[in-house]
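Novice: sequence-free structure coming up:
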């Protein structure tokens, strides 16, 4: 529970919840619910009460300051059904902080030493507000942390984490296997692995996250189930075959393509129209990409397609720029111009304008020229930005599939854990 | 209420709540509470029930997909105390979406047409999931929106906003003036406008948001203070002079550069090294960019710089690829090759590898060749991704400054409210 009316204003973000999610995940504690609440005691109490009924650990951040709208400690006492008492050690620490700065403690800061009766005050080496740790009658933890992210992080690491570890939480950590998939619609993927999907009651859980044409499958379970998690991930990988391009979390197609090119000792050149540089931009996000990428051409105009990529005038005139022959000629041109093994090209209509009945917005041709040459036609959904993203993903995947078809190294299994230099 | 177990995982952020906070703020609706909930029907129902008891407008995003863990519509029906019925128009629209892509609708997608009895289905032009708008017995609104941010934004703007405006919400809104600034560090900007900054008690407020080298200044006030808001924005614009590239919210340098090129009837060609296509990718995000952009070359290797951009071998050998002469030769080469008025080039070291004592990571040269030619050297902070972003911004801004120096049309004031075709 992040506390603060200002966090609900436009343009403001709560930086504490992401920080706590990371730290709790390290300890194997999944986050089940998060909320941002205003400086209103009734909403804070309602939210804390619901959370304590639902979860073993409830963390509140912010609202521990000295002013009248800092109400978290009052809400906590209300929920715990106890009164607030002045903690002598906390008061001494607040006073000494002010003394060290050569200022007398303003009277308002005295209330920062108030903590719910029976709770433990957590020292704050970086600020005036102490934290609070309390246990409810049912054994749930209620932890109050200060709002400034640096104070919160330091207090969590110094005071909260060791106490959670004493509860044996480190040992209860979770294990995860990741499959990164491309070239399949999410619904097709779901159907293909439907019978392998664990029920919500099982300890091993599945999450499927789709983003810009790539799908991430996460198989997660408690540390004791490492073998079961691995087994399920392996069975899914078998079902999905070459659609799985990586088993490393956080890898995208550009990493897989770069690694394959690196192994093969080959390079690719890219010719783009509607994506406007997005494909080369994605490839060059990968550190060390100069080893397998050297040239990209963004040929938005027909002149540029003709002059730099040697696309025949005839193909442009008789088929139009958005056509299979032009896509293939662009890929050929990029390959020849660079002297590389592979040329990749895209041409299409990103919208919002430029579409027609015959060639509507979202129509895209992707081509690969090389030891194996391929073309594919797509009708992509979404706005200009999504069409461009999906096209870039489709192009990188067609290059990957073409390299697989050409044989030699480059499978997923061999690549686990290795990255290009 | 943002729905999705995956949003609670570490490293994942909910992009919809910030988006809705902005839009609701435009309508003068303050956000009182926000939550992220897992794909668990009981938690969703509990959260919706609490929210409907507290707020007049409750918006839920996500969980409208076709799979078994998409439960938002079921939770909404539960809270409203009605059953789900199949909406014929929604089903027809989902079926036609699949038909247009040449795929038969998978049976699972049929459930996306289910909406709570008595509610209104909101069409989704960008995806399969229709939205839902329902009113509770007490007059509160419950709105279900799809999870992909582009779908959510489009549906809010087309379907939800007009209905809220019909409730008279526009009148209670606030007014905002925006200044978009480039080419100044944030600290310099802050100092320059320090004495104009309103105190926290004043009704007119200032927000300064910096991102990838661009700074957005927002002056906001209640609707009754339109003149004061305008006056303060005008005074700031005067102070900041040509560093202000737009006064339209949501515009970036690529929009300003595109508009100026459009007015001048000129085109620019781009030659990139370390940015790997990011500059052309940003320019071609602008719909209609083919009117003023035709050619980009990503010349990662020296061979490509020589062959496609006619960079003299001598310059590469004696000064190295990251140098002022090579940057200028690349810009010249792009201009000549395309026959355009302007050529823009960048060369530098994005890291993490490739740096040296003499040429460290973050060293970047930017060049513009045209009626006015300029070069600039930067030592940029940050990781590979930030160095690339800041370089792209610096290149677009140098082109803008060069066009301003070349005279003719293209000032900010004339551009307010106009956009390239």
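Specialist: Looks like it came in fine. Remember, predicted model here, so these are calculated numbers, not experimental data.
Novice: tell me the domain ranges of chain A?
Specialist: A:2-166, A:174-246, A:266-405 (automatic domain parsing).
Novice: closest one to chain B among these?
Specialist: Chain B lies closest to domain A:266-405 among the domains of chain A, at 2.7 Å (CB to the nearest CB). C-betas here are computed from N, CA, C, even on glycine.
Novice: first-to-last residue distance for that closest one?
Specialist: 15 Å (CA to CA, to the nearest Å).
Novice: tally up the residues packed near the closest residue to residue A:136 other than its chain neighbours, please.
Specialist: Closest residue to residue A:136 apart from its sequence neighbours, by CB to CB, 6 or more residues apart in numbering or on different chains: residue A:52 at 5.8 Å. Residue A:52: 19 surrounding residues under other CB atoms under 10 Å in any protein chain shown.
Novice: same thing with residue A:287?
Specialist: Using other CB under 10 Å, residue A:287 is surrounded by 17 other residues.
Novice: try residue A:120
Specialist: Neighbours around residue A:120, by other CB under 10 Å: 16.
Novice: ok so, going back, could the domains of chain A be laid out in JSON lines, adding mean pLDDT and distance to residue B:103?
Specialist: Formatted as JSON lines, those follow (pLDDT from 0 to 100; distance: least, CB to CB, whole Å):
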{"stretch": "domain A:2-166", "mean pLDDT": "91", "distance to residue B:103": "35"}
{"stretch": "domain A:174-246", "mean pLDDT": "89", "distance to residue B:103": "8"}
{"stretch": "domain A:266-405", "mean pLDDT": "95", "distance to residue B:103": "9"}
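Novice: tell me which of those is the most buried.
Specialist: domain A:266-405 (a mean of 22; mean count of other CB atoms under 10 Å in any protein chain shown).
Novice: so how far is that domain from its chain's centroid?
Specialist: 27 Å (CA atoms, centre = their mean, to the nearest Å).
Novice: still on that earlier bit, is it possible to export the domains of chain A to TSV including distance to residue B:278?
Specialist: TSV is the format used below for these (distance: least, CB to CB, whole Å):
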stretch	distance to residue B:278
domain A:2-166	25
domain A:174-246	16
domain A:266-405	5
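Novice: do you know which of the ones you listed lies nearest residue B:254?
Specialist: Closest approach to residue B:254 among these (CB to CB): domain A:266-405, 10.4 Å.
Novice: now the residue nearest to residue A:136: phi and psi?
Specialist: Dihedral angles of residue A:52 (phi, psi; degrees, to the nearest 10) stand at phi -70, psi -30.
Novice: the nearest residue to residue A:51 once chain neighbours are set aside and residue B:141: what is the separation?
Specialist: In space, and not counting its chain neighbours, residue A:51 is closest to residue A:58: 4.5 Å by CB to CB, 6+ apart. The gap separating residue A:58 from residue B:141 is 30 Å, by CB to CB, to the nearest Å.
Novice: ok so, going back, among the domains of chain A, which is nearest residue B:316?
Specialist: Comparing the domains of chain A by CB to CB, domain A:266-405 comes nearest, at 14.1 Å.
Novice: can you check the pLDDT for the residue nearest to residue A:408 when sequence neighbours are not counted?
Specialist: With CB to CB, 6+ apart as the criterion, residue A:408 has its nearest non-adjacent residue at 5.8 Å, and that residue is residue A:264. With respect to pLDDT, residue A:264 scores 96.
Novice: quick one: mean pLDDT over stretch A:408-421.
Specialist: Mean predicted lDDT for stretch A:408-421 stands at 41.
Novice: what's opposite residue A:114 in the beta bridge?
Specialist: Bridge pairing for residue A:114 (DSSP bridges) gives the partners residue A:86.
Novice: residues contacting it?
Specialist: Contacts here follow CB atoms under 8 Å, 6 or more residues apart in numbering or on different chains; on that basis residue A:114 touches A:73, A:84-87.
Novice: verify the stated contact: residue A:62 with residue A:147.
Specialist: Yes. Residue A:62 is within contact range of residue A:147, at 3.2 Å (criterion: CB atoms under 8 Å).
Novice: identify the contacts common to those two.
Specialist: Contacts common to residue A:62 and residue A:147, judged by CB under 8 Å, 6+ apart, are A:3-4, A:16.
Novice: restricted to strands, list those.
Specialist: Those of these mapping onto strands are residue A:3, per DSSP state E.
Novice: coming back round to it: what helix or strand is the residue nearest to residue A:51 located in?
Specialist: strand A:57-61 (DSSP states H and E).
Novice: so what touches that strand?
Specialist: By CB under 8 Å, 6+ apart, the residues outside strand A:57-61 that reach it are A:1-3, A:16-17, A:20, A:24, A:29, A:44, A:48, A:51-52, A:72, A:76, A:140-147, A:152, A:160, A:164.
Novice: next secondary structure after it?
Specialist: helix A:72-80.
Novice: quick one: that following helix to chain centroid distance?
Specialist: With CA atoms, centre = their mean, you get 34 Å for helix A:72-80.
Novice: angle of it against strand A:57-61?
Specialist: On the basis of axes from the mean of the first three to the mean of the last three CA atoms, to 10 degrees, helix A:72-80 is oriented at 150 degrees to strand A:57-61.
Novice: and helix A:72-80, what does it pack onto?
Specialist: helix A:41-54, strand A:84-86, strand A:114-116, strand A:131-135, strand A:141-145 (3 or more CB pairs under 8 Å, 6 or more residues apart in numbering or on different chains; DSSP states H and E).
Novice: could these go into CSV alongside distance to residue B:396?
Specialist: Listed next are the helices and strands packed on helix A:72-80 as CSV, based on distance: least, CB to CB, whole Å:
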stretch, distance to residue B:396
helix A:41-54, 45
strand A:84-86, 56
strand A:114-116, 54
strand A:131-135, 46
strand A:141-145, 42
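Novice: among these, which is nearest residue B:104?
Specialist: Judging the helices and strands packed on helix A:72-80 by CB to CB, what sits closest to residue B:104 is helix A:41-54, at 41.4 Å.
Novice: does anything pack onto that closest one? Which helices or strands?
Specialist: Using 3+ CB pairs under 8 Å, 6+ apart: helix A:41-54 touches strand A:34-37, strand A:57-61, helix A:72-80, helix B:41-54.
Novice: got a list of contacts for that helix?
Specialist: Contacts for helix A:41-54 (CB under 8 Å, 6+ apart): A:1, A:3, A:32-33, A:35, A:37, A:58, A:60, A:63, A:71-72, A:74-76, A:78-79, A:136, A:138, A:140, A:142, B:32-33, B:43, B:46, B:50, B:54.
Novice: ditto for stretch A:347-358
Specialist: A:273-275, A:321-323, A:326-327, A:330, A:359-365, A:378, A:380, A:383-384, A:387-388, A:391, B:287-288, B:421.
Novice: look up how far residue A:75 lies from residue A:19.
Specialist: With CB to CB as the criterion, residue A:19 and residue A:75 are 22 Å apart.
Novice: leaving out sequence neighbours, find the closest residue to residue A:368.
Specialist: Using CB to CB, 6+ apart, the closest residue to residue A:368 is residue A:402 (4.5 Å).
Novice: so residue A:341 sits against residue A:267, correct?
Specialist: Yes. Under the contact definition of CB under 8 Å, residue A:341 touches residue A:267, with a separation of 6.3 Å.
Novice: what residues are up against residue A:322?
Specialist: Taking CB under 8 Å, 6+ apart, one finds A:347-349, A:359, A:363-365 in contact with residue A:322.
Novice: which of those sits closest to residue A:308?
Specialist: Nearest to residue A:308 among those, with distances taken as CB to CB, is residue A:347, at 14.1 Å.
Novice: the closest one in helix, strand or coil?
Specialist: strand (DSSP: H, G, I helix; E, B strand; the rest coil).
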